[in-house]
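1. build me a model:
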Amino acid sequence: MNKLEELVKKIRKFRDDRDWIQFHNPKNLAEAIIVEAGELLEKFLWLDLDQAKGLDGKKLNKLKEEVADIFIFLLYLCDVLKIDLVKEADKKISINDEKYPIAKAKGTAKKYTEL
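-> Numbering: from 1, shown residues only. Prediction:
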């Protein structure tokens, strides 16, 4: 069992011990991801670029918690929908590789439709 599988097993147990699966439908989990992403974004509110890059101590620890919350809810969503997250991410990288060929995309933030 790899680390990701171990983590999924651990969060399932956490959820099931609390009888929370009743709340973990795809809609609620997608909403929870957005809420947590908003909390992540809030950690950067009013910071300039240097401050955002230089988070440390308490602020960095809070940021790490928000990143973990997003990841956990994403794992729950994938678990409920039977999505192999690693497989789908690998497929998406291949798709993006075609959409953003190095010769056209290197050094630019343009969307693939603008390249």
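2. could you find the closest non-adjacent residue to K99?
-> Residue nearest to K99 in three dimensions, not counting chain neighbours: Y112, with 3.9 Å by CB to CB, 6 or more residues apart in numbering. All C-beta atoms are positioned from the backbone trio N, CA, C, and that covers glycine.
3. how many residues are close by the one you found?
-> Y112: 13 surrounding residues under other CB atoms under 10 Å.
4. hang on, it packs against P101?
-> No: using CB atoms under 8 Å, Y112 makes no contact with P101, being 9.1 Å away.
5. now the helices for the chain?
-> 3-17, 26-42, 49-53, 57-81, 85-99, 102-105 (DSSP state H).
6. quick one: furthest residue from the center of this protein?
-> A103 (28.5 Å; CA atoms, centre = their mean).
7. could you measure from that residue over to L4?
-> The gap separating A103 from L4 is 34 Å, by CB to CB, to the nearest Å.
8. likewise for K62?
-> Separation of K62 from L4 (CB to CB): 24 Å.
9. how is this structure divided into domains?
-> Using automatic domain parsing, the domain parsing of the chain gives 3-83, 84-115.
10. just say which of those is most tucked in.
-> domain 3-83 (a mean of 13; mean count of other CB atoms under 10 Å).
11. tell me the pLDDT of the residue nearest to K99.
-> Y112 is assigned 91 on the pLDDT scale.
12. next one: W46
-> Taking W46 on its own, its pLDDT is 97.
13. what separation do you get for it and A52?
-> Counting by CB to CB - W46 and A52 are separated by 10 Å.
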